[in-house]
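Trainee: Got a sequence here, can you model it:
(one chain, ligands or ions: 1)
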Amino acid sequence: MAPMNSAPLLLRQSLPPISSPIETLKPKTPLPVHNSTLGARTPAYSPCYIRVCTGKTTRGSGSGRRSRRNPDDYHATLTALNSKGRFPRKSLGQHYMLDSEINDELTAAADVGEGDVVLEIGPGTGSLTNTLISAGAVVLAIEKDSHMATLVSERFAQTDRLKVLNEDFVKCHIHSHMSSLLGSIEPSGPNSRLAKVVANIPFNISTDVVKQLLPMGDIFSEVVLLLQEEAALRLVEPSLRTSEYRPISIFVNFFSDPEFIMKVPRTKFFPQPNVDAAVVKFKLKQPVDYPPVSSTKSFFSMVNSAFNGKRKMLRRSLQHICTPMEIENALGTVGRPATSRPEELSTDDFVKLHNLITKQ
Ligand SMILES: C[S@@+](CC[C@H](N)C(=O)[O-])C[C@H]1O[C@@H](n2cnc3c(N)ncnc32)[C@H](O)[C@@H]1O
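Mentor: Predicted structure coming up:
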């Protein structure tokens, strides 16, 4: 694990070069070729050349964007994986980013700058980590695959801006990890106590990640994720009266202001997934700005009940809370018809309905 200095000064220390010049050396022993796993379109990557940092150049300027040489292309990714004898694991959603411009876009979407504290989920070979550190961030990276955790720790062993935890994000205590990290860093601005999330996450944990992070407005100001495009659209632009409109749509709007940033074609990943991806930004609301409900637990329990039982009218599905007549009256006060179904109500409508029927 790369050691992380807990002293506040860590943000201001002079740091080792991030974007060092790359020398091309011929290795003594050729790297093995894993064509079978890499697929038919994947070229064998022998004869192999290893990129090594000479450490002679300066760090990228400003945000470190676009001025860096691209050290995370297709060849570098294969070389990094190969150095540990690793094959991408489908079960861990290991689709590595091959285009540093996309990493720049992710970093820019969260407006990452000097001194920001950033949580990265699944650093993999460290291509996004590299961009975040170059932009001046202090990064906490959570990686489930112990081999990749070692790889990324070794890659950035010379910087004190990275801490790698070999944990499953879904099971880890992210709130306490972040609180202790933020507590150890000297505030450098009005918002400096709030961290950011920037991550290219495995598609299969998207819902867990969103559910865990969005209610954490006391810790994070923004969450920028690279998601499967279809999931991104469903979370950010669900339309009323469609099957895409679900409790998670209400959840997203309750805790954040979501924004679709850009589509990312599947060709940008190795190995290539079967679907395209997209960058999404969730600007988290501060707890004081959440819609006014007496209890978020009771609010989401009502929303879940409302969507249970497809196409059920609310006056039926919410009968366990109060009588159909009371629900009809409350819907009337909200300005909705007595026959309303859950997919016809906005987040605001649900908030008003909840506050009316739980008071009765
Ligand atoms: C889509 S890859 C992205 C890798 C890298 N960030 C990039 O952009 O190339 C997802 C990464 O998340 C890791 N991962 C998968 N499940 C995880 C989990 N539950 N918790 C933390 N990391 C996980 C994988 O091992 C992999 O490194």
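Trainee: Leaving out the residues flanking it, which one is nearest to the residue in the stretch 201-350 of the chain that the ligand sits nearest to?
Mentor: Across the stretch 201-350 of the chain, the shortest distance to the ligand (CB to the nearest ligand atom) belongs to residue 202, at 4.1 Å. Where C-beta positions appear, they are placed from N, C-alpha and C, glycine not excepted. Distance criterion CB to CB, 6 or more residues apart in numbering; nearest residue to residue 202, sequence neighbours excluded, is residue 93 at 2.3 Å.
Trainee: got a list of what that neighbour touches?
Mentor: For residue 93, the contacting residues are 122, 201, 202, 203, 204, 205, by CB atoms under 8 Å, 6 or more residues apart in numbering.
Trainee: ok, 7 Å please
Mentor: 202, 203, 204 (CB atoms under 7 Å, 6 or more residues apart in numbering).
Trainee: Is there a neighbour count for the second one? I'd like the number.
Mentor: Residue 203: 16 surrounding residues under other CB atoms under 10 Å.
Trainee: likewise the last one?
Mentor: Applying the criterion other CB under 10 Å, we find 13 residues in the vicinity of residue 204.
Trainee: Just to be sure, it is in a helix?
Mentor: Yes - counting by DSSP: H, G, I helix; E, B strand; the rest coil, one finds residue 204 located in a helix.
Trainee: Would you mind measuring from residue 149 to residue 232?
Mentor: Separation of residue 149 from residue 232 (CB to CB, to the nearest Å): 27 Å.
Trainee: And residue 135, by the same measure?
Mentor: As judged by CB to CB, residue 135 and residue 232 stand 23 Å apart.
Trainee: In the stretch 51-200 of the chain, what residue lies closest to the ligand?
Mentor: For the stretch 51-200 of the chain, CB to the nearest ligand atom, closest residue to the ligand: residue 122, 2.1 Å.
Trainee: I figured that residue hits residue 201, correct?
Mentor: Yes - when contacts are counted by CB atoms under 7 Å, residue 122 is listed as touching residue 201 (5.6 Å).
Trainee: Which of the two has more residues huddled nearby?
Mentor: Using other CB under 10 Å as the criterion, residue 122 and residue 201 rank with residue 122 on top: 23 against 20.
Trainee: Turn the contacts of residue 93 into TSV, columns for pLDDT.
Mentor: Below are those laid out as TSV (pLDDT from 0 to 100):
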residue	pLDDT
202	96
203	93
204	94
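Trainee: Residue 263: how many residues sit nearby?
Mentor: Every residue meeting other CB under 10 Å relative to residue 263 is counted, giving 12.
Trainee: what mean pLDDT does the helix or strand residue 129 falls within have?
Mentor: Element membership of residue 129 [criterion: DSSP states H and E] is helix 127-134. Helix 127-134 carries an average pLDDT of 97.
Trainee: Contacts for whatever helix or strand comes next after it, please.
Mentor: Sequence-wise, the next helix or strand downstream of helix 127-134 (DSSP H and E) is strand 138-142. Strand 138-142 is contacted by residues 10-11, 117-121, 123, 129, 132-133, 152, 161-165, 167, 169, 172, 177, 181, 185 when judged by CB under 7 Å, 6+ apart.
Trainee: these two touch, right, residue 238 and residue 248?
Mentor: No - using CB under 7 Å, residue 238 makes no contact with residue 248, being 8.4 Å away.
Trainee: what are the ranges of the helices in this structure?
Mentor: 35-38, 74-83, 100-109, 127-134, 146-155, 174-183, 206-213, 229-236, 247-255, 296-307, 314-317, 324-334, 347-357 (DSSP state H).
Trainee: tell me the contacts of residue 244?
Mentor: By CB under 7 Å, 6+ apart, the contact list for residue 244 reads 234, 238.
Trainee: From residue 214, how far off is residue 282?
Mentor: Computed as CB to CB, the residue 282 to residue 214 distance reads 6 Å.
Trainee: Can you pull the residues that touch both of the two?
Mentor: Common contacts of residue 282 and residue 214 (CB under 7 Å, 6+ apart): 223, 256.
Trainee: Now residue 257: closest residue in space that isn't a chain neighbour?
Mentor: Leaving aside its sequence neighbours, residue 257 sits nearest to residue 283 (CB to CB, 6+ apart; 4.4 Å).
Trainee: what's the neighbour count on the one you found?
Mentor: Neighbours of residue 283 under the rule other CB under 10 Å: 15.
Trainee: Also residue 268?
Mentor: Here the count is done by other CB under 10 Å, and residue 268 has 19 residues near it.
Trainee: got a list of what it touches?
Mentor: Counting by CB under 7 Å, 6+ apart, residue 268 touches 97, 98, 99, 102.
Trainee: Try it again at 10 Å.
Mentor: 95, 96, 97, 98, 99, 101, 102, 200, 226, 276, 277 (CB atoms under 10 Å, 6 or more residues apart in numbering).
Trainee: Tell me the most packed of those residues, by neighbour count.
Mentor: Neighbour counts for the contacts of residue 268 (other CB under 10 Å) peak at residue 226, which has 29 neighbours.
Trainee: isn't that residue right up against residue 107?
Mentor: No - Residue 226 is not in contact with residue 107 according to CB atoms under 10 Å; the separation is 11.5 Å.
Trainee: what's the overlap in contacts for the two?
Mentor: 128, 198.
Trainee: quick one on the thing from earlier: is it true that the residue of the stretch 51-200 of the chain closest to the ligand touches residue 205?
Mentor: Yes - using CB under 10 Å, residue 122 is in contact with residue 205, at 8.5 Å.
Trainee: This completes my enquiry, with thanks.
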